[in-house]
Structures are given as C-alpha cells and as structure tokens.
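# Have a look at this fold, sequence not included:
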C-alpha cells in the first residue's frame, strides 16, 4: 500500500512582512480618522460653548443699552455740584474702584456741575487688551420692578429720608402688577433697597406767607448707606463718605437742600450700569457693575470692547463719534444711536489652528433718549 504525503506550508517571511505592513497602514489610517473625528468634536463643542457665552454677553449688553434713559428723560439729572468733589461711578461698597483701577467722574454740563445722563460714553477708559485701548459704557434707567414710587417720602434731614407705605388699597398712582397686593417692603431681601443703590427723589415743599401759598419743587440723588424700620415706615440713610461721592449734605443738588420736602410718590431707584473689561485675573473678562455694588462677570475671554455714537444737534447728524461727541462740544443727551464696533470674544482653549473667535458689530437706537410725545394729553 502506498501512502500519500501532504505537505502543509505557512506564510513566508515576505508574506508576513507585507501583511504586517498593510495592517499597520490600516491601523494608522483608522487612528488618524479617529483623531480627526475627535478634534472635530472638540472644535464643535468649543465653538458651541463660545457661541453660548457670546450670545449671553451680547444679550445682556444690548438689553441694557436699549433701556438707557428709560424713566429719566433726556436732559440729565443734576448731581451734587460746586463742592470741589465730583461724584464718580465705578466704585463699590468695599471702596474699591474698578474702572481700569480707578473711578470715573460723571460728565459735567459746565465746570463743577455734573449730570447723570441716561447714557454716558467712556472712550478709551478701559484697559489695554493686546496693545489696544478698550472702551467702557454706562447706562442709567429707572427700576420699574421695585415699586418704590408707591411710597410717600419725607426728607427729614440732610442724610435721612422716611418712606411710608401707602394705604390699602393704594392710590391710583400706585399701579401694582397682578401678583402683588401691596408694594414690596423697602427692605425686601430680593428687590428692596440695599447699600450702594441710587435713589432719585422728586419732592415739593409748600409754604404759606401772609395768606399766599407757594409750592416749590426740588430733586436730589442719593446713595443708600443703610435701611432700617418697617413694616410700614422705613428710614433710609444717605450718609456722607459714600463710595460714589453722591451724598454731599452741603452741596447744591444734595439732600441737604431739600430738607422738609416731601411727595406722595415720584421716587425711583436708578440703575446705573457700567460695562468694562477687567484684566486683574489675567484673562480679560466683561464685567457689569450696577450703581455702587460689587461688579459681576458677564463673560470671560472678551478680547475687545469698543463703541461709537451717532448724535443729532443743530439739525445735523454726527455719525460714528468714538468719543461720544465730546471733541465737538456735544452732550450725551444728544446721542441717538449706539454703535458696537467690537465685542470680541475668543475660545477658552487654543485649538490646532489657534483660538476661535467671534466679533459682534451692530447698532441700536437710543429710543428713550430721543422720544418726543407729539400727542400730550
């Protein structure tokens, strides 16, 4: 019997090398494909986060600018004057001044006579970012969420004002939203007055001399330093030495000049809101400061903030004035439009091709500063 012999052969060395090479090529291609997909996912996620932060910052900024001057009129509210000390903004209750390491004086209608306008430009008052000077912007408007105007007020002395709650039901001048049956307490922990708030009092005083009755009006702005009392009567203190230098008892336009004045309503909290860039922590941040309160960050990695303004005066439009028309002798009350030249943000982390960035450029009409009622009642 003849046996068959079957010889079994494996792969040769050349075949093994070729197979390993092909396998390495496939594995390398798969690894590169995975890396590309991973980088794409990271870039997309970073872009989405940047867009979300950018949208939040721009919404905050544009909302406040759109409210500039609401409830204040367009002529400016007089602040304490001719005292040798100008009221400022940009400082908080810790006596820390935040605008590029300092404070900024309110604009003056004439030397020594500062005014609080609904919109105050701040050309090149911010810090330098990448060698380029940044701007700040300040807006002011009446706070309609806190019904302080429902209270009757009495200026008892140069540093104290008494707020008395209205009767129940309140008078017609006190318009309450559907969810409230009475105005919030002056010391309400959520919306009430706290140190650092600014209050605008519009008051009157009636005197009778020899049978002749005379009523004179006055106004004053004060910075709250303390709130006491309740539940129906509150004493608010406006002590001198406040961080914003608003409380100057002997100056013209101060509470000291309207002692004994009162009003059934007509008192409002004013929100003075400043946007600026802060570089104290290394990374530039867009900050929002309200009156004399501690500023809060709106967004990080904001690389630039710049504005220009359109003004209308003498039947002429002055467009794109970066200094708000100051070099032309124009006033903030003549501003009709705010142009955001640059609100520039970059991503928090550097990608393969550098930082991602977004830049907002838009314009908004200063509607509350230019409105004229053509149909007065």
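Cool, got the structure. Owing to the predicted nature of the structure, the values given are computational and were not obtained by experimental measurement.
# ok, and the closest non-adjacent residue to residue 243?
residue 91 (4.1 Å; C-beta to C-beta, 6 or more residues apart in numbering). All C-beta atoms are positioned from the backbone trio N, CA, C, and that covers glycine.
# What of residue 213?
Residue 213's closest residue in space is residue 206 (C-beta to C-beta, 6+ apart), at 6.3 Å.
# show me the contacts for residue 248.
80, 83, 85, 87, 240, 254, 256 (C-beta atoms under 8 Å, 6 or more residues apart in numbering).
# Of those, which one scores lowest on pLDDT?
Ranked by pLDDT, the contacts of residue 248 bottom out at residue 83, which has 86.
# tell me the phi and psi of residue 128?
Taking degrees, to the nearest 10, you get phi -80, psi 130 for the backbone angles of residue 128.
# That one: neighbour count?
Neighbours of residue 128 under the rule other C-beta atoms under 10 Å: 12.
# follow-up on the earlier one: need the contacts of residue 248 in TSV with secondary structure, neighbour count and distance to residue 366, can you?
Shown next, in TSV, are these (DSSP: H, G, I helix; E, B strand; the rest coil; neighbours: other C-beta atoms under 10 Å; distance: C-beta to C-beta, whole Å):
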residue	secondary structure	neighbour count	distance to residue 366
80	coil	26	26
83	coil	16	30
85	coil	13	30
87	coil	25	22
240	coil	18	34
254	coil	25	29
256	helix	20	33
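# Kindly indicate which of the residues you listed lies nearest residue 53.
Nearest to residue 53 out of the contacts of residue 248 is residue 87 (C-beta to C-beta; 33.7 Å).
# Look up how far residue 331 lies from that closest one.
17 Å (C-beta to C-beta, to the nearest Å).
# do residue 165 as well
39 Å.
# Please name the residues that touch the residue nearest the centre of the chain.
Taking C-alpha atoms, centre = their mean, the centroid of the chain lies closest to residue 273, which sits 3.7 Å from it. When contacts are counted by C-beta under 8 Å, 6+ apart, residue 273 touches 64, 138-140, 288-291.
# Relative to residue 301, how far out is residue 281?
Distance, residue 281 to residue 301, by C-beta to C-beta: 11 Å.
# And those two? Which one has more around it.
Neighbour totals were compared for residue 281 and residue 301, and residue 301 leads with 19 against 9 (other C-beta under 10 Å).
# Per-residue pLDDT of the more buried one, please?
87.
# Pull the number of nearby residues for the residue lying closest to it once chain neighbours are set aside.
Nearest residue to residue 301 in three dimensions, chain neighbours excluded: residue 346, at 5.1 Å (C-beta to C-beta, 6+ apart). Neighbour count of residue 346, defined by other C-beta under 10 Å: 21.
# so who does the residue nearest to residue 213 touch?
213-215.
# and it, backbone torsions?
phi -110, psi 130.
# Distance-wise, check it relative to residue 149.
Relative to residue 149, and taking C-beta to C-beta, residue 206 is found at 20 Å.
# follow-up on the earlier one: got a list of what the residue nearest to residue 301 touches?
Contact partners of residue 346, counting by C-beta under 8 Å, 6+ apart, are 50, 301, 303, 355-358.
# Now, of those residues, which are buried?
50, 301, 303, 356, 358 (16 or more other C-beta atoms under 10 Å).
# State the helix or strand in which the first one lies.
Yep, that's residue 50 we're talking about. helix 13-66 (DSSP states H and E).
# who does that helix touch, helix- and strand-wise?
Here helix 13-66 touches strand 136-142, strand 267-278, strand 285-290, strand 296-300, strand 335-346, strand 357-365, going by 3 or more C-beta pairs under 8 Å, 6 or more residues apart in numbering; DSSP states H and E.
# Run me through the strand neighbours of whichever helix or strand comes after it, direction for each.
The helix or strand immediately downstream of helix 13-66 is strand 77-78, counting by DSSP H and E. Strand pairing for strand 77-78, using DSSP bridges, gives strand 113-116 (antiparallel).
# Can you give the strand pairings for the following helix or strand past the partner strand, parallel or anti for each?
Next helix or strand after strand 113-116 toward the C-terminus (DSSP H and E): strand 119-122. Strand pairing for strand 119-122, determined by DSSP bridges: strand 136-142 (antiparallel).
# I'd like the distance from the strand it pairs with to the chain centre, please.
6 Å (C-alpha atoms, centre = their mean, to the nearest Å).
# same check, this time on stretch 16-29
Centroid displacement of stretch 16-29 relative to its chain, using C-alpha atoms, centre = their mean, is 61 Å.
# can you check stretch 100-109 too?
How far stretch 100-109 lies from its chain's middle: 16 Å, per C-alpha atoms, centre = their mean.
# Go ahead and confirm residue 358 touches residue 50.
Yes: counting by C-beta atoms under 8 Å, residue 358 touches residue 50, with 6.2 Å between them.
# just to revisit the earlier point, quick one: the residue nearest to residue 213 from residue 133, how far?
52 Å.
# same deal with residue 182?
For residue 182, the distance to residue 133 - C-beta to C-beta - is 49 Å.
# now residue 263
The gap separating residue 263 from residue 133 is 44 Å, by C-beta to C-beta.
# Neighbour count: the two, which is higher?
Shown here are residue 263 and residue 133; by other C-beta under 10 Å, residue 263 has more neighbours (21 against 14).
# For the residue lying closest to the more buried one once chain neighbours are set aside, grab phi and psi.
Using C-beta to C-beta, 6+ apart and skipping the chain neighbours, the partner closest in space to residue 263 is residue 203 (4.5 Å). Main-chain dihedrals, residue 203, degrees, to the nearest 10: phi -130, psi 170.
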